[in-house]
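**Q** Need coordinates for the below:
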Amino acid sequence: MDQKNFIVAIVLSVLIIVGWQVAFPPAKPPVNGTQQTTTQPGAPQAPAGQPGPAGVQPGPGAGPAQQPVVSRPEALAQSPRVTFNTAELVGSISLKGARIDDVQLVKYRETIDPKSPPVPVLSPVGSAHPYYAEFGWSSSDPAIKVPGPDSLWTTDNQTVAPGKPAKLTWDNGQGLIFGLTVSIDEFFMFDVQQSFENKTDKPVTLFPWSLVVRYGEPHAEGMYILHEGPYGVFNGALKEFSYSDFKGNKQQKIATTGGWLGITDKYWMATLVPDQKSKLDASIKQTGAGADLKYQIDYVGAGIAAAPGATVTTDSRLYAGAKIVRVIDDYEKKYGIEKFDLTIDWGWFWFFTKPLFWLLEWLYVQLGNFGLSILVLTVIVKLVFFPLANKSYAAMSKMKKLQPEMEKLKERYGEDRQRMNQELMQLYRREKVNPAAGCLPILVQIPVFFALYKVLYTTIEMRHQPFYGWIKDLAAPDPLTILTGFGLFSWHVPDFLHFFNIGLWPIIMGITMYLQQKLNPQPTDPVQARVFQFLPILFTFMLAPFSAGLVIYWAWSNILSIAQQYMIMRRHGTPIGGGKAPVAATPAPVADAGGNKKSGKGSGKKS
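**A** Residues are numbered from 1 along each chain as shown. A predicted model of the protein is given here:
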């Protein structure tokens, strides 16, 4: 029976490992954040200026016409542009369609190689993966001509810089002059002031709108702990959508006041931020299929009337850049953007995860290395929970000291599990030992583990941060793996072998877990004992695809626990490792099956 149970336990453990690998597959870094397409997509909508259904405001018009795919420089050359080059962003704004469609990050590269291309956030129409923002006006009167995707705007400034905006202008030839004043700050926020001047002899009412369009099926890592795709805060509540929610040209419409909406990747986003007091009709949809697939998020504001000779304006913003925590928090305070900090996926336990991040970042400022910050954080966690862990290890030490008595009970009652468990409970009560106390150190580590995992996996501050030696990116798995000879040779490991491709740090972690387990009292049940012996192997495989920083944390935590537990065991005179505890001269009496008390030195015969 024991052998059968052991086999079942092993099978279940393997299933856990395989299931974990499915839930947390090795991350494959995207090349440009989207998949390449072979033709320029296009998805027609209702023509601009056409009224919507009854009670619905008109919205953005048709997108730009489909074009052959060309290189990024060639696509940029197809339109005159207003350029910008700040400490964080480099790019340009297309005067054709007044699109913000060329944004690249100055300080972030696609790989850890400093010579690799900068990360593109937005890309122009005509490139292989267009991704852009537009701001415009629509009308319920089809006779009024409004700017379209091919309208050519003029500008009063060829460059935009912090404190130096550019005003784009377009005349519809009917007495309406449209303006877009675009400003950029020192980080990632574009301020767009939309206006139109009414030079006709009649009042005109137009509806302001803003949109972000992304062509092609975006790359997503598919991790349930991280949201990638459309999302936003509507009426004070965060709503997240997956790309699959819109398959079959589905659409979501939400009426909201203020808030924000956008499309996010793991580390960067394009997010629209309307006036926080404005009532809006927001929309998220997919149109087209295959090469014509595109995702669009937009909002339409209430109609604004301009009397003859008057000029009306409305303000909105676009965040196009890296999701840096302190930058996003500053924007939330500066502009009063409701729950803007939720653009970063802190998870359900944000109240624990975010403070942990702030502590890590503060340690990084002091130490200059996020790896060292993780090590110091581990020490801090250990100090905070030191009293609890001390009691736990003391209880475990007593348990280990009782191991000879437990073995005698096992010999005495053999297969009578119920009676043996009863006697064990009496022994625990008599010696004032809590057998569950040994679980506390692990239970304490679990919330810290998951919070640190969330921080390492989702925050861009951890991306491409080196440790020492071979760890060049704490947010990526250990690169020195078994199947690459720990770096002696390089070859592409097939996907079906990733399960066995364990890194050096996960192996170190497994060894420390094994050593810590040897200090713990062994279960009297042989099946349980074997399962516990298998746990270090199980966790080695489970943690192999995780961020190197997380594995380093776990291994270092194990080392500190071993030191603490070793000292406590020495203090209590508990045997360490495979040593045997000295048997007391007058051992505690134990009751046999007939209720008679016998010395702990019993013959060892089964009753």
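
**Q** Run a quick neighbour tally on the residue nearest to Leu424 when sequence neighbours are not counted.
**A** What sits nearest to Leu424 in space, not counting adjacent residues and going by C-beta to C-beta, 6 or more residues apart in numbering, is Leu409, at 6.2 Å. To be clear about C-beta, it is placed using only N, CA and C from the backbone, and glycine gets the same treatment. Close neighbours of Leu409, defined as other C-beta atoms under 10 Å, add up to 23.

**Q** Also Pro203?
**A** Pro203: 11 neighbours (other C-beta under 10 Å).

**Q** Sort out which residues of the host helix or strand of the residue nearest to Leu424 are buried, please.
**A** Element membership for Leu409, per DSSP states H and E: helix 403-413. For helix 403-413, burial by neighbour count (16 or more other C-beta atoms under 10 Å) applies to 403-406, 408-410, 412-413.

**Q** how far does it sit from the chain's center?
**A** Chain-centre distance of helix 403-413: 49 Å, with C-alpha atoms, centre = their mean, to the nearest Å.

**Q** Packing partners of it?
**A** helix 417-431, strand 590-591 (3 or more C-beta pairs under 8 Å, 6 or more residues apart in numbering; DSSP states H and E).

**Q** would you turn these into JSON lines with mean neighbour count, distance to Tyr267 and mean pLDDT?
**A** Converted to JSON lines, the helices and strands packed on helix 403-413 look like this (neighbours: other C-beta atoms under 10 Å; distance: least, C-beta to C-beta, whole Å; pLDDT from 0 to 100):
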{"stretch": "helix 417-431", "mean neighbour count": "14", "distance to Tyr267": "51", "mean pLDDT": "80"}
{"stretch": "strand 590-591", "mean neighbour count": "15", "distance to Tyr267": "62", "mean pLDDT": "41"}
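
**Q** Go ahead and confirm Leu456 touches Arg463.
**A** No - Leu456 lies out of contact with Arg463 (C-beta atoms under 8 Å); the separation is 9.5 Å.

**Q** Which one's more surrounded, these two?
**A** Neighbours per residue, other C-beta under 10 Å: of Leu456 and Arg463, the larger number sits with Leu456, 25 against 18.

**Q** Wasn't that one part of a helix?
**A** Yes - assessed with DSSP: H, G, I helix; E, B strand; the rest coil, Leu456 lies in a helix.

**Q** Tell me how this protein divides into domains.
**A** 2-22+357-571, 31-345 (automatic domain parsing).

**Q** which residues touch Leu95?
**A** Contact analysis of Leu95 by C-beta atoms under 8 Å, 6 or more residues apart in numbering lists 79-82, 152-155, 168.

**Q** okay, who's weakest in those by pLDDT?
**A** By pLDDT, Ser79 ranks lowest within the contacts of Leu95, coming in at 93.

**Q** show me the contacts for that one.
**A** Contacts of Ser79 by C-beta under 8 Å, 6+ apart are 94-97, 124.

**Q** tell me the secondary structure for it?
**A** Applying three-state DSSP: Ser79 is coil.

**Q** if we can go back for a sec, closest to Thr484 out of the buried residues of helix 403-413?
**A** Nearest to Thr484 among those, counting by C-beta to C-beta, is Gln403 at 42.2 Å.

**Q** on that earlier part again, can you tell me which of the contacts of Leu95 are buried?
**A** When the contacts of Leu95 are checked against 16+ other C-beta under 10 Å, the ones flagged as buried are 79, 81-82, 153, 155, 168.

**Q** Include distance to Thr353 when you put those into a markdown table, please.
**A** Shown next, in a markdown table, are these (distance: C-beta to C-beta, whole Å):
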| residue | distance to Thr353 |
| --- | --- |
| Ser79 | 43 |
| Arg81 | 41 |
| Val82 | 40 |
| Trp153 | 44 |
| Thr155 | 44 |
| Leu168 | 41 |
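
**Q** Point out where the stretch 501-607 of the chain drops to low pLDDT.
**A** By pLDDT under 70, the low-scoring segments of the stretch 501-607 of the chain are 521-525, 572, 574-607.

**Q** what's the answer for the stretch 151-300 of the chain, then?
**A** 221-223.

**Q** And the strands in it?
**A** With strands called from DSSP state E, counting those that start in this stretch, the stretch 151-300 of the chain shows them at 154-155, 159-160, 166-171, 176-184, 189-198, 204-215, 229-234, 237-240, 251-257, 260-264, 268-274, 279-287, 294-301.

**Q** What of the stretch 451-600 of the chain?
**A** Under DSSP E, counting those that start in this stretch, the stretch 451-600 of the chain gives strands at 590-591, 597-598.

**Q** neighbours of the closest residue in space to Arg317 that isn't next to it in sequence, just the number please.
**A** Once flanking residues are discounted, Arg317 sits nearest to Val273: 4.0 Å by C-beta to C-beta, 6+ apart. The number of residues packed near Val273 is 25, by other C-beta under 10 Å.

**Q** Give me the three-state assignment for Asp141.
**A** coil.

**Q** right, and Leu519 touches Ile562 too?
**A** Yes - assessed by C-beta under 8 Å, Leu519 is found in contact with Ile562 at 6.7 Å.

**Q** Dump the strands of the stretch 151-300 of the chain into a markdown table; add distance to Leu342 as well.
**A** Shown next, in a markdown table, are these (distance: least, C-beta to C-beta, whole Å):
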| stretch | distance to Leu342 |
| --- | --- |
| strand 154-155 | 35 |
| strand 159-160 | 29 |
| strand 166-171 | 31 |
| strand 176-184 | 24 |
| strand 189-198 | 17 |
| strand 204-215 | 18 |
| strand 229-234 | 7 |
| strand 237-240 | 5 |
| strand 251-257 | 15 |
| strand 260-264 | 9 |
| strand 268-274 | 11 |
| strand 279-287 | 16 |
| strand 294-301 | 16 |
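
**Q** Show me the one of these that comes nearest Leu367.
**A** strand 268-274 (26.8 Å).

**Q** Report the inter-axis angle for the closest one versus strand 294-301.
**A** Relative orientation of strand 268-274 versus strand 294-301 (axes from the mean of the first three to the mean of the last three C-alpha atoms, to 10 degrees): 20 degrees.

**Q** Strand 268-274 relative to strand 204-215, how many degrees between them?
**A** Using the same axes, to 10 degrees: strand 268-274 against strand 204-215 is 170 degrees.

**Q** what's the burial count for Ile446?
**A** Counted with other C-beta under 10 Å, the neighbours of Ile446 add up to 9.

**Q** Leu474 versus that one, what's the distance?
**A** Separation of Ile446 from Leu474 (C-beta to C-beta, to the nearest Å): 21 Å.

**Q** same question, Met567
**A** 30 Å.

**Q** Which of the two has more residues huddled nearby?
**A** Neighbours were counted for Met567 and for Leu474 using other C-beta under 10 Å; Leu474 has more, 24 against 12.

**Q** For the nearest residue to the more buried one once chain neighbours are set aside, list the residues it contacts.
**A** Excluding its sequence neighbours, the residue lying closest to Leu474 (C-beta to C-beta, 6+ apart) is Gly549, at 3.6 Å. For Gly549, the contacting residues are 370-371, 374, 452, 456, 462, 465, 467, 474-475, by C-beta under 8 Å, 6+ apart.

**Q** what do Leu456 and Arg463 both touch?
**A** Common neighbours of Leu456 and Arg463 (C-beta under 8 Å, 6+ apart) are Ala475.

**Q** buried ones in the helix or strand harbouring Val327?
**A** Using DSSP H and E, Val327 maps to helix 325-335. Neighbour counts over helix 325-335 (16+ other C-beta under 10 Å) mark 325, 327-328, 331-332 as buried.

**Q** Looking at those, spot the one nearest Leu206.
**A** Nearest member of the buried residues of helix 325-335 to Leu206, counting by C-beta to C-beta, is Tyr331, at 28.2 Å.
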